[in-house]
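Peer 1: What would the 3D arrangement of this be:
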Amino acid sequence: ASRFWTKGSSDEDESEDDSEATSSSESESGSESDSDSDSDSGSDSDSSSDSDEGGAARFMRSDSDSDSDSDDNRRVVKSAKDRKYEELLAICDEIRNKMKINDWAAIQATFDKLNKQLETYQKLISVTGPLGPAPRAYIKLLVELEDYLYKTLANKEAKKKMSSTNAKALNTMKQRLKKHNAEYADAMDAFRANPESSAHEESEDDSDSGPDSDIEKEDAAGKGEFQSTVKEKKKDKILTMKPEDITYGMVRAKLQEINLSRGKKGTDRKEQVEMLSYLASIAKGPSQRIEVLIQIVGALFDVNPSMSTNMSIPIWKRCVLTIFDILDVLKEHPYISLDDKAEIEEREDEPPADTEGGVKVWGNIISFVERLDDEMFKILQVTDPHTNEYLFRLGDEPVFLALSSLTSDYLERVEDYPAIARLALRRMEHLRTSSICLPFADILMTTPVYNAMRKMVVMQQQMSQEEEAAAAEAVAAAAAEDAANAEPLPDEEDSEETGPQVKFDDIKLKMPASFVMEEDLGALMQSLMNVILQHGEERTKARAMLCKIYHVAIHGNFFAARDLMLMSHLQDAVQHMDISTQILYNRTVAQMG
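Peer 2: Have a look, this model is predicted:
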């Protein structure tokens, strides 16, 4: 028992073992007749010693023995960052295996998984600051995947033998890699210049992934937190250059960079609008200017991403002015047209005017106008109708009528008749209620209200012309004064602000000088109705007929409105229409009396 509780020295253990051995040898030589019993007792003692080895003898091991056992069975603890990095490497190896068997469908699915894993890994690396650069293993895979893609596309025979699913996945990966690799172009070029990673870089990667480095980074981030907030953001390279030194390709590359950053977390949407506005001012040609203006409209829509809430009034006005600019450029250069199915070509120069088939620019202007109409309706919904603000918002309706009219003129030039019918319905819905814009307008005041709207349009056009003339005179006077004083212009690099600064709260709508409202409201409604009946869809025709009946009834011709309702047979199919059309039907019937 004392041996169990006390641990002696190694010499004492050896002496005790020797004495036990001599005593056991003497007992064995002394009695040979009891050999069987001794053997039995020996076996019993062996079994008991074996059992004691797992019990009491277990606590008698030395420190060296326990250390060796713990080294063999030690549990390796890895940080979350190391685990995510190993998972990233495993996904890269999985893509390489799929490349060996030319399985592009699996490559496409695994590539999505890899990008999600990369985002998770970057968030773990930079918790407090912006996302860090992609690891070298990821850049290496992008280079290998791009090279293998071009090699596969060059092999026409192998491409013909592919299944339809695999060929479709190949084309999809071609488009995706073209857009995706643009963000990592510099890193990929650096990797191609130095494919082999040096030992110094590998040691830095290993040291960065250790737990001590995390603590050091957190301490450094905590110490430099105040400095990072005070430090000004570095200006973009294109803002520091002179406009004449900026090329067509530089504007295209910057525009592509902004498109890739749209929708990402932490992106300043108003800053994107400012940058796009500056790119529009330095665009190298009309087609490139239209491309930038279209992106400005999309960026303005992104400022208010929620469809349930209304767009702010300054942003709505900004969108209207931008679409007016697009229509002006399209009118001045008729060889340019918008097409939502056009492919975005990576040109290095502005295409000439005599291009065969014209110049196609991606865009859908009818969708922009319809979105603005919906946003205007939501703005009126949230505005108190008993305030002057509501009357000011109703004053924007002639501007929208001008926008829809000029858009219809462009659509007629490109012969897009289904879009003209859609826009004609929007115009009819506004003109249907134009006679009741004012709370005190009754049935007999419908035509005078429309005439008053026409006069307001003319007055706004005259005021815009006078303001433009006054502004031109002020600019000319300032230029003459500067020339007389011969003061040197400030250097662009020394100026604090470069590029235009967009003020969202100080935007004034201007009525286009080319817009003319028709004198006869009834003739205008009938012409719009004819366009819809000829080129519109069934729902568009039904709503246009209800607007026509409403317009006839509000002018006091109830019998003609009744005849139109009966001849159209709308009452038989109205229960199968959408909710908004049913509401319009109920209002029309109520107006008929």
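
Peer 1: For residue 530, see how far away the closest residue to residue 512 other than its chain neighbours is.
Peer 2: Nearest residue to residue 512, sequence neighbours excluded (C-beta to C-beta, 6 or more residues apart in numbering): residue 402, at 5.5 Å. (C-beta placed from N, C-alpha, C; glycine too.) Per C-beta to C-beta, to the nearest Å, residue 402 is found 22 Å from residue 530.

Peer 1: residues in contact with the helix or strand in which the residue nearest to residue 512 is found?
Peer 2: Element membership for residue 402, per DSSP states H and E: helix 397-414. Contacts to helix 397-414, defined as C-beta atoms under 8 Å, 6 or more residues apart in numbering, come from residues 320, 323-324, 327, 330-331, 334, 337-338, 365-366, 369, 372-373, 376, 417, 419-420, 423-424, 426-427, 430-431, 434, 437, 453, 456-457, 460, 509, 511-512, 514-515, 517.

Peer 1: Now it: buried residues?
Peer 2: Within helix 397-414, the residues that count as buried by 16 or more other C-beta atoms under 10 Å are 397-408, 410-411.

Peer 1: For my notes, please list the residues you listed in a markdown table and give pLDDT and distance to residue 142 for each entry.
Peer 2: Listed next are these as a markdown table, based on pLDDT from 0 to 100; distance: C-beta to C-beta, whole Å:
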| residue | pLDDT | distance to residue 142 |
| --- | --- | --- |
| 397 | 86 | 52 |
| 398 | 88 | 53 |
| 399 | 90 | 48 |
| 400 | 90 | 47 |
| 401 | 90 | 51 |
| 402 | 91 | 49 |
| 403 | 93 | 44 |
| 404 | 93 | 46 |
| 405 | 92 | 49 |
| 406 | 93 | 46 |
| 407 | 94 | 42 |
| 408 | 94 | 47 |
| 410 | 93 | 42 |
| 411 | 93 | 43 |
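
Peer 1: Tabulate these in JSON lines, adding columns for distance to residue 238.
Peer 2: Output for the buried residues of helix 397-414, formatted as JSON lines (distance: C-beta to C-beta, whole Å):
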{"residue": "397", "distance to residue 238": "39"}
{"residue": "398", "distance to residue 238": "38"}
{"residue": "399", "distance to residue 238": "33"}
{"residue": "400", "distance to residue 238": "35"}
{"residue": "401", "distance to residue 238": "38"}
{"residue": "402", "distance to residue 238": "34"}
{"residue": "403", "distance to residue 238": "31"}
{"residue": "404", "distance to residue 238": "35"}
{"residue": "405", "distance to residue 238": "37"}
{"residue": "406", "distance to residue 238": "32"}
{"residue": "407", "distance to residue 238": "32"}
{"residue": "408", "distance to residue 238": "37"}
{"residue": "410", "distance to residue 238": "31"}
{"residue": "411", "distance to residue 238": "34"}
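
Peer 1: Which single one of those residues is nearest to residue 535?
Peer 2: residue 411 (10.7 Å; C-beta to C-beta).

Peer 1: how would you label the spatially closest residue to residue 454 that is not a sequence neighbour: helix, strand or coil?
Peer 2: Distances taken as C-beta to C-beta, 6+ apart put residue 517 closest to residue 454, at 4.6 Å, once the chain neighbours are dropped. Secondary structure assignment for residue 517 (DSSP: H, G, I helix; E, B strand; the rest coil): coil.

Peer 1: What about residue 517, how many residues nearby?
Peer 2: With neighbours defined by other C-beta atoms under 10 Å, the count for residue 517 comes to 18.

Peer 1: Any chance of the backbone angles for it?
Peer 2: Here is the backbone geometry of residue 517 (degrees, to the nearest 10): phi -90, psi 140.

Peer 1: Quick check: it touching residue 456?
Peer 2: No - Residue 517 lies out of contact with residue 456 (C-beta atoms under 8 Å); the separation is 9.7 Å.
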